[in-house]
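*Asks:* Just the structure for this:
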Amino acid sequence: MVIYGWRTSHIKTEGNNQISCPHCGEKGGIYNSVYGRYVHIFWIPTLSIGKTGAAQCSHCKKVYKPKEMNDDLKRSYKTLKSDTRIPFWHFSGVAIIAIIIALFTINDKAEAQNELEYLDNPMIGDVYEYKADKNEFSTLKVVEVDEDSVYFVYNNYNYSQKSGIEAIDVDSCYSNEAYMVSREELKAMYNDGTIYDVNRK
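*Replies:* Residues are numbered from 1 along each chain as shown. Model (predicted):
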């Protein structure tokens with residue numbers, strides 16, 4: 001269950017000695033406060049949705065929402081609000097997501113580099129995941145390698161999706177007859193997307 005919603009946090013409070021309270025007339029007791037509102041997911045601040053605030057008289061405790069402020073109060077409040085920055089941690093969820101995306105990108109590039117290395121230097125036992133047909137996927141296992149060619153056995157079974165294909169990567173699923181392709185053909189199959197993953201145990 002995803003727990004999400006929005007919350008408010010106090011950012012800044014500042015007094016104004018020049019304004020009188022419209023309710024009790026006391027001068028110098030008005031304090032403006034600014035609050036930041038943010039969306040959270042699992043209580044992690046994810047995205048700021050702006051600022052809000054209020055003014056309060058320290059003498060009579062009367063609280064004024066922005067719509068209830070007179071002109072003097074409103075000017076004072078708006079000045080403080082515009083000068084108050086939204087805390088960076090209100091965006092911490094976005095930062096976390098960006099870091100996760102960056103880590104996945106780095107990992108994908110490293111995996112792609114490994115796959116190219118495996119294709120340049122195939123070894124017995126390497127498993128190639130490939131697209132056998134539309135919405136059908138299977139594996140090839142390398143059983144012999146020489147200077148110019150790679151010999152592999154086909155998997156006798158297909159899978160309906162890429163994820164979970166390791167379920168059919170067991171010795172009993174492969175044929176006994178080996179097939180040969182040149183190293184150039186193997187790379188071409190990878191470049192055109194027929195082979196989409198290379199695994200080395």
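
*Asks:* Break down the chain into its strands, ranges please.
*Replies:* 4-16, 30-41, 44-57, 63-64, 127-133, 136-145, 149-155, 174-182, 195-199 (DSSP state E).

*Asks:* Ser182: neighbouring residues, count only.
*Replies:* Neighbour count of Ser182, defined by other CB atoms under 10 Å: 11. In this view, the C-beta of every residue, glycine as well, is placed from N, C-alpha and C.

*Asks:* Show the contacting residues for it.
*Replies:* 148-150 (CB atoms under 8 Å, 6 or more residues apart in numbering).

*Asks:* Would you convert these into JSON lines that also reports distance to Ile11, neighbour count and pLDDT?
*Replies:* As requested, the contacts of Ser182 are exported to JSON lines (distance: CB to CB, whole Å; neighbours: other CB atoms under 10 Å; pLDDT from 0 to 100):
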{"residue": "Asp148", "distance to Ile11": "69", "neighbour count": "9", "pLDDT": "91"}
{"residue": "Ser149", "distance to Ile11": "68", "neighbour count": "15", "pLDDT": "94"}
{"residue": "Val150", "distance to Ile11": "63", "neighbour count": "23", "pLDDT": "95"}
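
*Asks:* Same list, these, but as JSON lines with distance to Gly125 please.
*Replies:* Formatted as JSON lines, the contacts of Ser182 follow (distance: CB to CB, whole Å):
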{"residue": "Asp148", "distance to Gly125": "20"}
{"residue": "Ser149", "distance to Gly125": "17"}
{"residue": "Val150", "distance to Gly125": "12"}
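
*Asks:* According to the record, where do the domains of the chain fall?
*Replies:* 4-96, 114-199 (automatic domain parsing).

*Asks:* From the contacts of Ser182, pick the one nearest Thr46.
*Replies:* Val150 (48.2 Å; CB to CB).

*Asks:* Distance of that closest one relative to Leu80?
*Replies:* Using CB to CB, to the nearest Å, one gets 71 Å for the distance from Val150 to Leu80.

*Asks:* And Glu144, by the same measure?
*Replies:* 76 Å.

*Asks:* more crowded one of the two?
*Replies:* Leu80 (21 against 13).

*Asks:* Is the more buried one in contact with Lys12, as I believe?
*Replies:* Yes - counting by CB atoms under 8 Å, Leu80 touches Lys12, with 6.9 Å between them.

*Asks:* Show me the common contact partners of those two, please.
*Replies:* Val34.

*Asks:* In stretch 178-189, which residues are buried?
*Replies:* 183, 186, 189 (16 or more other CB atoms under 10 Å).

*Asks:* Tell me which residue is most central in this protein.
*Replies:* Ile97 (3.3 Å; CA atoms, centre = their mean).

*Asks:* could you give the angle of the lowest-mean-pLDDT helix or strand in the chain to strand 149-155?
*Replies:* When each helix and strand of the chain is scored by mean pLDDT, DSSP states H and E, helix 92-120 comes last, with a mean of 83. Angle between the axes of helix 92-120 and strand 149-155 is 120 degrees (criterion: axes from the mean of the first three to the mean of the last three CA atoms, to 10 degrees).
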